[in-house]
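Chemist: give me coordinates for this.
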Amino acid sequence: MSSSFRAPPVRSSEEIDFVRLFASVWQQKKLLLFVTIGAGLIAASYAFLADPLYKVSSVLRPAAINDLDALNRSEIYQLPPSEALLKVGAALDSYDTRLGYFRKNQKLFEKFVRPGQTLEQSFQEFNHDSIRLILPDADKKNSLSAYIKLEMMYPKGVDGVSILNGFVDYAIASERERITADLNVIAKNRLRELNGKLDSARSNYDIEKEAKIASLRESDSLRRAQLQDELKALRSQLKTLRSDRIAQLNEAIGIARSLGIQKPATPSSLGESAVTGAGSVMRTEVNNQQIPLYFMGVDALKAELAALQSRKSDDFTESRIAQIAKELQLLASNREVEVLDARKNEDIFLAGVQPLRTEIFRLSSLNIDMAKLKLVSIDQQALEPLVPSSPNRPLIILLGLLFGAVAAIGIALVRQALRAARVNTKHDRDDLAASLLQSSGSGAAQLDRQQELGNKLLQK
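Modeler: Model (predicted):
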């Protein structure tokens, strides 16, 4: 069974007639004008009715080298200008510093406080939305110098200039207090270290002094013992010599008695003792041998013997004993030990501590006027703005008009598309009806085909 049904032609989506499209859109110029003007009026209403926001800013740059010279010359805290700028920038960006300033100046922030919010919650909103720290872009090599910029947005009725300038001063003062505290801690620690070294030098001196005194006394004791031993040995030697002399004298006395030598004589005179002469005779005897002791005669020998036996001490017979006594007398008191013990200001005798004393005196007399310490240079203070920074009314109105025009064109295109769709649907319905009339055949298959075509027609 055959059928003469023909499907409607399919239009290609790429075949667009822009001229006809523009003409169809331009036919709806009243709609375009109405929507564009309406969007512009809405944008203008927002631009003129929205609360204006003002923006102020402050720029900080590194301080001059001479501004930090007093601090850097202290030799205990080095702070280059670039590092001082970074410290102040960190204070400006610090949550704690901002919150501290917010708490101390609540009257300035009354407009930022919302009902039902705590002070910290109001500050959190202000800190997130109203204030911003800007650092120079590290990638830009044409930047003349480092800087830090602080911007603040605030609504009408807020003294933003006082808030921003006050916050910059507060952050600088806070960082100056931190540096002052760090400087005091470092100076105290250095003084404690130097005093510890000085105390260590005193302790070493005391130990060395005690060791020297002990060494001197030990040396004196040793020398005294040696001299006393020598003295005792000399006295024992002299006593032995005296005993030997007494024995020699007793022996000589016995010999002299047996020879009948009562007075001192010589060997030659002993042989001629029996010869007597009328005249006086003078004899000279030359003999290189020692004359025996008994020639001294009994009288002389007895006299010497009596003297030796009655002697109480033999010290006078030896000059060394007198010298030993002198040395023992000198050792009775050590003048060097007495001088060491008599020292009162012993610090002046400490060796190698002069640099420590000089540094201690320098740190103790260190006087830096931290109140006048200039950490950064305020290149630009916040000034009262002449016009609000937002909203930008001309830009908002222009964007509103552009948005309105785009929206109007879109609406016009949609309307044209709907109109074209209705026309196409009508043409398709007519084509389907013609196809049904022209189709031939009978039977269940052709009825089903007609029913299918009817359903498609209903769906359209």
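Chemist: now do the contacts for residue 180.
Modeler: If you count contacts by C-beta atoms under 8 Å, 6 or more residues apart in numbering, residue 180 has them with residue 370. The way it works is simple: take the backbone N, C-alpha and C, and place the C-beta from them, glycine included.
Chemist: what helix or strand does it sit in?
Modeler: Counting by DSSP states H and E, the element that carries residue 180 is helix 160-259.
Chemist: what mean pLDDT does that helix get?
Modeler: Throughout helix 160-259, pLDDT has a mean value of 93.
Chemist: from the chain's centre, how far out does it sit?
Modeler: Its chain's C-alpha centre and that of helix 160-259 lie 39 Å apart, by C-alpha atoms, centre = their mean, to the nearest Å.
Chemist: then stretch 248-266?
Modeler: That offset, for stretch 248-266, works out to 105 Å (C-alpha atoms, centre = their mean).
Chemist: stretch 84-94 too?
Modeler: 18 Å.
Chemist: going forward, begin numbering at 778 instead of 1
Modeler: Got it, first residue is 778 now, which makes that one stretch 861-871.
Chemist: what comes up buried for that stretch?
Modeler: Using 16 or more other C-beta atoms under 10 Å as the test for burial, stretch 861-871 gives 861-866, 868-870.
Chemist: just stretch 842-857 next, same as before
Modeler: Neighbour counts over stretch 842-857 (16+ other C-beta under 10 Å) mark 844-845, 848, 851, 853-854, 856 as buried.
Chemist: so residue 831 makes contact with residue 930?
Modeler: Yes: counting by C-beta atoms under 8 Å, residue 831 does reach residue 930; the two are 7.3 Å apart.
Chemist: mutual contacts of the two, please.
Modeler: residue 1166.
Chemist: how many neighbours does residue 1067 have?
Modeler: By the measure other C-beta atoms under 10 Å, the count of residues near residue 1067 is 6.
Chemist: on the three-state scheme, it is what?
Modeler: Per DSSP: H, G, I helix; E, B strand; the rest coil, the local secondary structure of residue 1067 is coil.
Chemist: what of residue 1162?
Modeler: Residue 1162 is classified as coil under three-state DSSP.
Chemist: name all residues that make contact with it.
Modeler: 831-833.
Chemist: closest one of those to residue 887?
Modeler: For these, the minimum distance to residue 887 (C-beta to C-beta) is 16.5 Å, reached by residue 831.
Chemist: for the closest one, pull up the helix or strand it's in.
Modeler: strand 830-839.
Chemist: list every C-alpha atom in stretch 1072-1080, with coordinates, as CSV.
Modeler: Below are the C-alpha coordinates for stretch 1072-1080, written out as CSV (Å, rounded to 0.1, in the frame of the first residue of the first chain):
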residue,chain,number,x,y,z
PHE,A,1072,153.4,22.9,122.6
MET,A,1073,150.8,25.5,123.8
GLY,A,1074,151.6,24.5,127.3
VAL,A,1075,149.5,23.2,130.2
ASP,A,1076,148.4,26.6,131.3
ALA,A,1077,147.1,27.7,127.9
LEU,A,1078,145.5,24.4,127.3
LYS,A,1079,143.7,24.3,130.6
ALA,A,1080,142.5,27.8,130.1
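Chemist: got the buried residues for it?
Modeler: 1072-1075, 1077-1078.
Chemist: now do that stretch: distance to the chain's middle.
Modeler: 102 Å.
Chemist: could you do stretch 898-917 as well?
Modeler: 29 Å.
Chemist: dump that stretch to CSV, keeping only the CA atoms.
Modeler: In CSV, the C-alpha atoms belonging to stretch 898-917 read as follows (Å, rounded to 0.1, in the frame of the first residue of the first chain):
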residue,chain,number,x,y,z
GLN,A,898,31.1,41.7,65.9
SER,A,899,30.8,45.3,64.8
PHE,A,900,34.5,45.7,64.6
GLN,A,901,34.7,42.5,62.6
GLU,A,902,32.4,43.9,60.0
PHE,A,903,34.3,47.2,59.9
ASN,A,904,37.6,45.5,59.7
HIS,A,905,36.5,43.3,56.8
ASP,A,906,34.6,45.9,54.7
SER,A,907,35.8,49.4,55.5
ILE,A,908,39.6,49.3,55.9
ARG,A,909,42.3,47.9,53.6
LEU,A,910,46.1,47.9,53.5
ILE,A,911,47.8,48.2,50.2
LEU,A,912,51.4,47.1,49.6
PRO,A,913,53.5,47.9,46.5
ASP,A,914,53.5,45.3,43.8
ALA,A,915,56.8,43.4,44.0
ASP,A,916,56.7,42.7,40.2
LYS,A,917,56.7,46.3,39.3
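Chemist: any buried residues in that stretch, and which?
Modeler: So stretch 898-917, judged by 16+ other C-beta under 10 Å, has buried residues 899-900, 903-904, 907-908.
Chemist: just the ones in helices from those, please.
Modeler: 899-900, 903-904 (DSSP state H).
Chemist: give me the neighbour count for residue 1159.
Modeler: Using other C-beta under 10 Å, residue 1159 has 23 neighbouring residues.
Chemist: quick one: contacts for it?
Modeler: 833-835, 929, 937-938, 941-942, 945.
Chemist: and it, which of the three is it?
Modeler: coil.
Chemist: thinking again about what came up before, could you dump the strand holding residue 831 to CSV, C-alpha only?
Modeler: Coordinates of each C-alpha in strand 830-839 appear next as CSV, following Å, rounded to 0.1, in the frame of the first residue of the first chain:
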residue,chain,number,x,y,z
LEU,A,830,30.5,56.2,50.5
TYR,A,831,33.6,58.3,50.9
LYS,A,832,37.2,57.1,50.6
VAL,A,833,40.3,58.5,52.4
SER,A,834,43.8,57.2,52.2
SER,A,835,47.2,57.7,53.9
VAL,A,836,50.6,56.8,52.4
LEU,A,837,53.6,55.9,54.6
ARG,A,838,57.2,55.8,53.3
PRO,A,839,60.5,54.8,55.0
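Chemist: buried stuff in that strand?
Modeler: In strand 830-839, counting by 16+ other C-beta under 10 Å, buried: 830-839.
Chemist: do the same with stretch 1107-1116
Modeler: So for stretch 1107-1116, counting by 16+ other C-beta under 10 Å, buried means 1111, 1114.
Chemist: since that was my last question, I'll sign off now.
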